[in-house]
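> Take a look and give me a structure for this.
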Amino acid sequence: MKIGIYGGTFDPPHNGHVNACKSFVNAIQMDKLYVIPTSIPPHKQRESSVSGDDRYEMARLAFSEISDKIELSRIELERSGKSYTADTLRYFKAQGAKEIFLLCGTDMLVTLDEWYDFEYIFRSATIVYIRRESDQYYDSLIQTKIQEFRALYGAKILEIVADVIELSSSDIRNGIDDPKIKELIPISVYEFIMERGLYKND
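Next comes the predicted model:
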């Protein structure tokens with residue numbers, strides 16, 4: 001079975017996430033794409049004011065209608081402790097996945113060698129990245145890191161060319177009271193946030 005993995009805090013999911021997900025599905029002919037909200041991301045210090053259940057529901061609203069190949073997974077929310085990508089890959093390998101494609105942004109790509117058990121990640125998955133910024137500073141850095149990862153670890157890395165949407169979840173959280181925010185996130189997610197009163201005290 002050929003699967004894709006798209007993980008993130010999705011706190012909340014926005015149009016940049018949705019665009020990346022659509023591009024991933026269109027570019028890689030996979031049997032299933034698992035969207036996986038993280039529990040405690042090792043690389044982020046901020047503790048969310050929103051529950052894992054609410055983030056899962058927002059991800060379901062944002063991604064589930066993109067393709068019938070998409071399935072939301074609670075694996076990392078139900079795992080105790082920090083959410084390590086290597087452990088998630090081990091889980092899907094044990095479930096019979098023969099080929100795994102791992103989607104990440106360029107900010108994550110260039111720091112992959114700092115992740116927990118990163119050599120296993122390189123052995124177990126093809127890294128698929130999408131540019132999250134138009135900053136030319138990243139151009140040479142990305143190519144340098146890709147060459148390094150391929151030479152040292154035999155990494156398999158692919159780029160998906162997609163429209164860059166420079167947007168972050170913190171932009172959404174910080175401006176949640178601005179009516180224009182609804183243009184930056186799926187309307188179903190916006191309505192859920194308003195209904196639940198999320199991010200009001202962030």
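> Backbone dihedrals for Leu198, please?
phi -80, psi 150 (degrees, to the nearest 10).
> check contacts around it.
Contact analysis of Leu198 by CB atoms under 8 Å, 6 or more residues apart in numbering lists Pro12, Ser49, Val50, Asp54, Ile176, Phe192. The C-beta positions use only the backbone N, C-alpha and C, and glycine is treated the same way.
> Work out for me the element the nearest residue to the fifth one once chain neighbours are set aside sits within.
Take Ile176 and drop its neighbours on the chain: the residue closest to it by CB to CB, 6 or more residues apart in numbering is Tyr199, 4.4 Å away. Using DSSP states H and E, Tyr199 maps to neither a helix nor a strand.
> Do you know the pLDDT at Tyr199?
Tyr199 carries a pLDDT score of 92 in this model.
> Report the contact partners of it.
Pro12, Ser49, Val50, Ile172, Arg173, Ile176, Ile193.
> wait, isn't the first one in contact with Pro186?
It stands for Pro12. No. Judged on CB atoms under 8 Å, Pro12 makes no contact with Pro186 at a distance of 9.2 Å.
> Between these two, tell me which one has more neighbours.
Each of Pro12 and Pro186 has its neighbours counted (other CB atoms under 10 Å); Pro12 has more, 28 against 20.
> For that one, give me its contacts.
Per CB under 8 Å, 6+ apart, neighbours of Pro12: Val50, Arg55, Met58, Ala62, Ser169, Ile172, Arg173, Ile185, Val189, Ile193, Leu198, Tyr199.
> if I look at Ser27, how far off is Pro37?
No Ser there; residue 27 is Ala. From Ala27 over to Pro37 the distance is 22 Å, taken as CB to CB, to the nearest Å.
> hmm, I was thinking of Leu103
The value you get for Leu103 to Pro37, if CB to CB is used, is 14 Å.
> same question, Ile181
Ile181 is 20 Å from Pro37, by CB to CB.
> higher neighbour count, those two?
More neighbours surround Pro37 than the other of Ile181 and Pro37, with 26 against 20 (other CB under 10 Å).
> shouldn't that one be in contact with Arg79?
No. The criterion here is CB under 8 Å, and Pro37 misses it with Arg79 at 11.6 Å.
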